[in-house]
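Visitor: need a 3D model of the sequence below.
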Amino acid sequence: MTRVMAPVVPDRRLVLQRQIRLIVAATITYNVIEAVIAIAAGSVASSTALIGFGLDSVVEVLSAAAVAWQFAGPDPGARERVTLKVIAVSFFALALYVSVDAVLTLTGLREPEHSTVGIVLAAVSLAVMPFLSLFERRTGTELGSASAIADSKQTLVCSYLSAAVLVGLLLNTLFGWSWADPVAGLVVVVFAVREGLEAWRGDACKQPVAALTGERAVDACDCC
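Guide: Numbering: from 1, shown residues only. So this is what the prediction gives:
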């Protein structure tokens, strides 16, 4: 089935752009707080998982800031390609860090520690991040912004990492299964690499940017 994206009227476009800026501001604010708490708690508990979670929040801030930079200009479309590259690099950096951390933990060189603060933080993030991701994704799809859609996927990957960290911390605390955290982290790596490649190619919705911006007909999109 083929769909054609209707052009966005100027007034509606301005509303959507303001929504994107608000979503990005909320995402940056939350992730800065999350990064500080996670890195501090991880340092106290000697928890590599929590420190990695905090660094992921830093990556998320970078991605959201790139979108904020794009929509701060008079012509956001002109900055789309650069923004997508920044988001893609953010995905790859996240995948690299989690991969290295997982290998070090699985080989016994690092040991995840118990942290009540970390468990609470991961649970809160798991509740908050999916809603931010969904709101930005819907707004970005209507606006036709590949970078906003890519950033929403970055936020969703953060949700997956929150779940992985939460499960890992709980299993380690309850059963002493230190391997659970890195195994769950490797699942996140698969998602991060896939979404990073899509952002790098500019097909954040598995469609070319030209399709997302309404320059041609849009085929059925798997992710919309």
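Visitor: low-confidence stretches in the protein?
Guide: 1-10, 46, 48, 76, 109-110, 112, 203-224 (pLDDT under 70).
Visitor: which non-adjacent residue is nearest the residue positioned nearest the centre of it?
Guide: Centrality entry for the chain: nearest residue to the mean C-alpha point is residue 154, 1.9 Å, by CA atoms, centre = their mean. Spatial nearest neighbour of residue 154, chain neighbours left out: residue 63 (4.4 Å); criterion: CB to CB, 6 or more residues apart in numbering. All C-beta spots, glycine's among them, are computed from the backbone N, C-alpha and C.
Visitor: which parts of the helix or strand that that neighbour is a member of are buried?
Guide: Element membership for residue 63 (DSSP states H and E) is helix 48-72. Under the neighbour-count criterion of 16 or more other CB atoms under 10 Å, helix 48-72 has 48-71 buried.
Visitor: coming back round to it: you'd agree the residue nearest to residue 154 is up against residue 86?
Guide: Yes - using CB atoms under 8 Å, residue 63 is in contact with residue 86, at 7.0 Å.
Visitor: so where do the strands sit in this structure?
Guide: 2-3, 218-219 (DSSP state E).
Visitor: residue 121: neighbour count?
Guide: Per other CB atoms under 10 Å, the neighbour tally for residue 121 reads 25.
Visitor: same question but for residue 18, I mixed them up
Guide: So residue 18, with other CB under 10 Å, has 12 neighbours.
Visitor: may I see the buried residues of the helix ranked longest in the chain?
Guide: The single longest helix within the chain, with elements called by DSSP state H, is helix 10-45. Buried residues in helix 10-45, defined by neighbour count with 16+ other CB under 10 Å: 16-17, 19-20, 23-24, 27-28, 30-31, 34-35, 37-39, 41-42, 45.
Visitor: same thing with stretch 132-144?
Guide: So stretch 132-144, judged by 16+ other CB under 10 Å, has buried residues 132-133, 135-144.
Visitor: tilt between the helix holding residue 63 and helix 10-45?
Guide: 160 degrees (axes from the mean of the first three to the mean of the last three CA atoms, to 10 degrees).
Visitor: now find how far off-centre helix 48-72 is within its chain.
Guide: 8 Å (CA atoms, centre = their mean, to the nearest Å).
Visitor: show me what it is packed against.
Guide: helix 10-45, helix 80-106, helix 116-143, helix 146-175, helix 180-201 (3 or more CB pairs under 8 Å, 6 or more residues apart in numbering; DSSP states H and E).
Visitor: what count of nearby residues applies to residue 188?
Guide: Using other CB under 10 Å: residue 188 sits among 24 other residues.
Visitor: any idea how far residue 18 is from it?
Guide: Separation of residue 188 from residue 18 (CB to CB, to the nearest Å): 32 Å.
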